[in-house]
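1. please work out how this folds:
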Amino acid sequence: MKSKWETDLVKVLFVCTGNICRSPTAEGVFRKLVIDAGVSDKISVDSAGTGAWHVNQAPDRRSQDAAKKRGVDLSAQQARQVTSDDFKKFDYVLAMDAANLRILSELCPSDLASRISLFLDYAPSLKRREVPDPYHGGGKGFELVLDLIEAASNGLLSHIRSYDL
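-> Residues are numbered from 1 along each chain as shown. Just a heads-up that it's a prediction; the model follows:
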């Protein structure tokens, strides 16, 4: 019998509040990691926000600039809001913080709740559970977000690669 890894795409959705800072950064960083690891034919990546304020907008310019300095291009992304179908479509629905985790838990059918978790759970060595929202802060906040996302992305990819093998 083949594992999920061998038969289907593993689908990952990153979620923050407006889908213009943290979750598009996570999408871009994780997508690059997946491509660099040569497994883009096995893992698909997307991002969304729990709110609709920025639907169809590009990621925040500060997020794009910080990511670009690390070789990650976010310019093709557009914000969207989480939908009820996302819980069926994605294997991993990863919240950036506890507030978004609560919202996702309220929206998600109970039989799919195991798909939802905090993204930083994949980087336990960081000893923090939330990616802080850099929107109202300075440039250093966007650098911290990238540091946290890079660590969790590596942990997530390791977890997925060991999935059901």
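2. let's see the pLDDT reported for Gly137.
-> pLDDT, Gly137: 84.
3. residues in contact with stretch 123-139?
-> 16-18, 20-22, 26, 60, 62-63, 66, 96-98, 118-121, 141-142, 144-145, 148-149, 151-152, 154-155 (Cβ atoms under 8 Å, 6 or more residues apart in numbering). C-beta: built from backbone N, CA, C; applies to glycine.
4. restricted to helices, list those.
-> Of the positions in those, 22, 26, 62-63, 66, 98, 141-142, 144-145, 148-149, 151-152, 154-155 sit in helices, assigned by DSSP state H.
5. coming back round to it: just the buried ones among the contacts of stretch 123-139, please.
-> Those of these that meet the buried threshold are 16-18, 20-22, 26, 60, 62-63, 66, 96-97, 118-120, 141-142, 145, 148-149, 151-152, 154-155, by 16 or more other Cβ atoms under 10 Å.
6. nearest to Asn56 among the ones in helices among the contacts of stretch 123-139?
-> Nearest to Asn56 among the ones in helices among the contacts of stretch 123-139, counting by Cβ to Cβ, is Ser63 at 16.2 Å.
7. quick one, what contacts that closest one?
-> So, once contact is read as Cβ under 8 Å, 6+ apart, Ser63 ends up touching 20-22, 24-25, 74, 134, 142, 145.
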